[in-house]
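1. Here is my input, please return the structure:
(2 chains)
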2 protein chains.
Amino acid sequence: MTMAPAPRPVRGLPIVRSVAALREWTAAWRGEGARLGMVPTMGALHAGHSALIARARADCGRVVATLFVNPKQFNRADDLERYPRDEGRDVAFLEAAGVDLLFAPPTEEMYPDGFATAVKVSGLTDCLCGVARPGHLTGVATVVTKLLLQGAPDSAYFGEKDYQQLLVVQRLARDLDIPVDIVGVPTVREDDGLALSSRNAALDPAQRAVAPGLYRVLRAAVARLASGESAEPVLRDGRAALTEAGFDSIDYLELRSGETLAALERATPTARVFAAVWLGGTRLIDNLAVTPAA
Amino acid sequence: MTMAPAPRPVRGLPIVRSVAALREWTAAWRGEGARLGMVPTMGALHAGHSALIARARADCGRVVATLFVNPKQFNRADDLERYPRDEGRDVAFLEAAGVDLLFAPPTEEMYPDGFATAVKVSGLTDCLCGVARPGHLTGVATVVTKLLLQGAPDSAYFGEKDYQQLLVVQRLARDLDIPVDIVGVPTVREDDGLALSSRNAALDPAQRAVAPGLYRVLRAAVARLASGESAEPVLRDGRAALTEAGFDSIDYLELRSGETLAALERATPTARVFAAVWLGGTRLIDNLAVTPAA
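-> Below is the predicted model of the structure:
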């Protein structure tokens, strides 16, 4: 098998833009017997992505990152337009992180004229961001299904910061019999607790000073829930604390099962607290297990 | 790689019931370099299925048939209950037809507890059987996606009698980047023109005598449309002729593009006439190209 001629940037990370070229690389690696890991991203890379890549590197002989700002998962056109894009920076980042290949398709390669298929996961998408961002999780499920079938990795890596997304991807992979291991990687945080996110770059200094309040409120809620308090007063206090901390509005602050996302009145061993809040035009999400993994 | 211990019926066709066992067989065949064909069926096999298998045999070194009466594609519980089932007969049929393997999973293997994913194809499903049988084509799309990802065939074979289904399957395979060739096989008919269907067995002798009227009406409509007449009077006359012939009701008789299913006012090179009619509790569908393939 010959390799597709791939455009090589200065630093040497091969980049492919078509599914056919991606498959030439992955087929060659499969022929070598290498385990293949995939790290799907929308770019604007940060240390959270580094953790995904490090885990993939630890598990797999070859790691492909993908870079595609998926229009189908943006429920607001202005949000899609504002999403940060700097491929040169992302390529340098991935090169330094030790990725073997970047798949960065144009939109028309992913969604050519006539594209008409959606992957819908019910149940898991009927709450949290599934309600707050209509269509978002179907857009995620559809693009992740495509990426998994395009690259056919042995495992793929997703951050726990987007915990509902992680559950949706695990569900669709199991339900559609995609032979891949979907691996969740713990959230990476700034020193002040703010979960890393590409959206943090949009915060002005005053908003950035408010943002770590989200983690503090989650921690306080988790402490009380872990001690056996019922959810209702804890979450009511948490919402008040978020407003007090300076967040402009709250999409949700809820206690749910970390397996099924069923709403809970009291913590269980798999319970998690989930939050989505706004600072100006920037939406931040985070979540914490009530009982941290050992 | 060791083969899964497969229960072998008297006549010798291996049967697997689990996705894991199916994959052991198909992985071994892929290791031999064999091209793999898949013929998905709901059993109640007839000469239409023989044509699918013959085409698969001609194209592929190995052929796997599947037998699964998919509850998700039945929009009426009574229809699912009435659907004919005789696995012993089907196994003998497939053995005689030269199939190499039968995948016949129980429902809980296909849809285990917690199953929550659907594959939805828009556009193509907004007309014809997509309107007459709500949810049917999403059920088809979901199960076919699963079967294609379970067996990973190089090509899969579908009859043109279910032409809308064929287009939906081609669309989802392309849209989800499933690396498979979806092959349409021409409809097989009785001597009197009735398209073969597992549902024909439910017709009583009087209904069976009426049934070939569907093909006659389609042929008459196609002759007029091919000569340049506009669709409206031709289809109006066709509906009257179906009623006259003894059909109890008509779900649709329509002229549409054979590529996009867009409604047409006049025949084009890819136009087809589509019909669905009822005889008692039995629904029959059929379709014809206005310009037959050379």
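
2. sec struct for A:Thr291, please.
-> Under DSSP: H, G, I helix; E, B strand; the rest coil, A:Thr291 falls in the coil class.

3. do A:Leu288 as well
-> Classification of A:Leu288 by three-state DSSP places it in strand.

4. Check what contacts stretch A:100-109 and list those residues.
-> With contacts defined as C-beta atoms under 8 Å, 6 or more residues apart in numbering or on different chains, stretch A:100-109 is touched by A:13-19, A:22, A:25, A:29, A:62-68, A:71, A:87, A:91, A:94, A:147, A:150-151. C-beta: built from backbone N, CA, C; applies to glycine.

5. 6 Å instead, please
-> Applying C-beta atoms under 6 Å, 6 or more residues apart in numbering or on different chains, the set of residues contacting stretch A:100-109 from outside is A:13-18, A:22, A:25, A:62-68, A:94.

6. Give me the subset of those residues lying in strands.
-> Using DSSP state E, the members of the contacts of stretch A:100-109 that fall within strands are A:Ile15, A:Val16, A:Arg62, A:Val63, A:Val64, A:Ala65, A:Thr66, A:Leu67.

7. in which helix or strand would I find the residue lying closest to A:Lys72 once chain neighbours are set aside?
-> Closest residue in space to A:Lys72, ignoring its immediate chain neighbours: A:Gly139 at 3.4 Å, by C-beta to C-beta, 6 or more residues apart in numbering or on different chains. The secondary structure element spanning A:Gly139 is helix A:136-151 (assigned by DSSP states H and E).

8. Now do that helix: which elements does it pack against?
-> Contacts of helix A:136-151 with other secondary structure elements, assessed using 3 or more C-beta pairs under 6 Å, 6 or more residues apart in numbering or on different chains; DSSP states H and E, are made with helix A:19-31, strand A:117-121, helix A:163-175.

9. by how many degrees do the helix or strand just after it and helix A:163-175 diverge?
-> The C-terminal neighbour of helix A:136-151 among helices and strands, as given by DSSP H and E, is strand A:155-159. Interaxial angle, strand A:155-159 versus helix A:163-175 (axes from the mean of the first three to the mean of the last three C-alpha atoms, to 10 degrees): 160 degrees.

10. who's in contact with strand A:155-159?
-> By C-beta under 6 Å, 6+ apart, the surrounding residues in contact with strand A:155-159 are A:37-39, A:48, A:52, A:55-56, A:59, A:166, A:169, A:180-185.

11. Within its sheet, name the partner strands of that strand and how each one runs.
-> strand A:36-41 (parallel), strand A:181-185 (parallel) (DSSP bridges).

12. Which is the succeeding secondary structure element to the longest one?
-> Scanning the chain past strand A:36-41 towards its C-terminal end, the next helix or strand to appear is helix A:47-59 (assignment: DSSP H and E).

13. repeat for the last one
-> From strand A:181-185 onward toward the C-terminus, using DSSP H and E, the following helix or strand is helix A:205-210.

14. For the helix holding A:Gly139, give the mean pLDDT please.
-> With pLDDT averaged residue by residue, helix A:136-151 scores 98.

15. which parts of the stretch 1-150 of chain A sit against chain B?
-> Where proximity means C-beta under 6 Å from any C-beta of the partner chain, the interface of the stretch 1-150 of chain A facing chain B comprises A:19, A:115-123, A:145-146, A:149-150.

16. give me that answer again for 10 Å
-> If contact is defined as C-beta under 10 Å from any C-beta of the partner chain, the residues of the stretch 1-150 of chain A in contact with chain B are A:19, A:22-23, A:110-112, A:114-126, A:138, A:141-142, A:145-150.

17. what's the domain layout of chain A?
-> With automatic domain parsing serving as the domain definition, the record reports that chain A contains domains spanning A:15-185, A:198-289.

18. about what we covered before: pick the one among the contacts of stretch A:100-109 closest to chain B.
-> Taking C-beta to the nearest C-beta as the measure, chain B lies nearest A:Leu22 of those, at 9.7 Å.

19. CA atoms only: put stretch A:48-63 into CSV for me.
-> Once side chains and other backbone atoms are set aside, the C-alpha atoms of stretch A:48-63 remain, and they are given as CSV (Å, rounded to 0.1, in the frame of the first residue of the first chain):
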residue,chain,number,x,y,z
GLY,A,48,-7.4,19.4,28.0
HIS,A,49,-6.6,18.1,24.5
SER,A,50,-3.1,17.3,25.6
ALA,A,51,-4.5,15.0,28.2
LEU,A,52,-6.6,13.2,25.6
ILE,A,53,-3.6,12.9,23.3
ALA,A,54,-1.3,11.7,26.2
ARG,A,55,-3.9,9.0,27.1
ALA,A,56,-4.2,8.0,23.4
ARG,A,57,-0.4,7.8,23.1
ALA,A,58,-0.2,5.6,26.2
ASP,A,59,-2.8,3.2,24.8
CYS,A,60,-2.0,3.2,21.1
GLY,A,61,0.9,2.8,18.7
ARG,A,62,-0.6,5.4,16.4
VAL,A,63,-2.7,8.5,17.1
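
20. What mean pLDDT does it get?
-> When pLDDT is averaged along stretch A:48-63, the result is 98.

21. what's the distance between A:Ala289 and B:Pro134?
-> Going from A:Ala289 to B:Pro134 by C-beta to C-beta, to the nearest Å gives 40 Å.

22. With neighbour numbers in mind, choose between the two.
-> Applying other C-beta atoms under 10 Å in any protein chain shown to A:Ala289 and B:Pro134 shows that A:Ala289 carries more neighbours, namely 18 against 11.

23. Is the more buried one in contact with A:Glu259, as I believe?
-> No. Under the criterion of C-beta atoms under 10 Å, A:Ala289 is not in contact with A:Glu259, lying 11.5 Å apart.

24. so what's in contact with these two at the same time?
-> Common contacts of A:Ala289 and A:Glu259, defined by C-beta atoms under 10 Å, 6 or more residues apart in numbering or on different chains, comprise A:Pro269, A:Thr270, A:Ala271, A:Arg272.

25. In helices only, show me the residues you listed.
-> With DSSP state H as the criterion, helices contain none of the shared contacts of A:Ala289 and A:Glu259.

26. Run through the residues you listed and flag the ones next to chain B.
-> Restricting the shared contacts of A:Ala289 and A:Glu259 to those touching chain B (C-beta under 10 Å from any C-beta) yields no residues.

27. with those in mind, which one is nearest to B:Ala195?
-> Among those, A:Thr270 lies closest to B:Ala195 (C-beta to C-beta), at 52.5 Å.

28. The closest residue to the closest one other than its chain neighbours: what's it in contact with?
-> With C-beta to C-beta, 6+ apart as the criterion, A:Thr270 has its nearest non-adjacent residue at 4.3 Å, and that residue is A:Gly258. Residues in contact with A:Gly258, defined by C-beta under 10 Å, 6+ apart, are A:160, A:163, A:166-167, A:264, A:268-274, A:287, A:289-291.

29. pLDDT score assigned to A:Arg82?
-> Taken from the predicted model, the pLDDT recorded for A:Arg82 is 89.

30. Touching, it and A:Arg76? I think so.
-> Yes. Checked against C-beta under 10 Å, the pair A:Arg82 and A:Arg76 is within contact range at 9.2 Å.

31. Touching both of the two, which residues are there?
-> Between them, A:Arg82 and A:Arg76 share the neighbouring residues A:Gly281, with contact defined by C-beta under 10 Å, 6+ apart.

32. Could you count how many residues lie near A:Val144?
-> If you count neighbours by other C-beta under 10 Å, A:Val144 ends up with 26.
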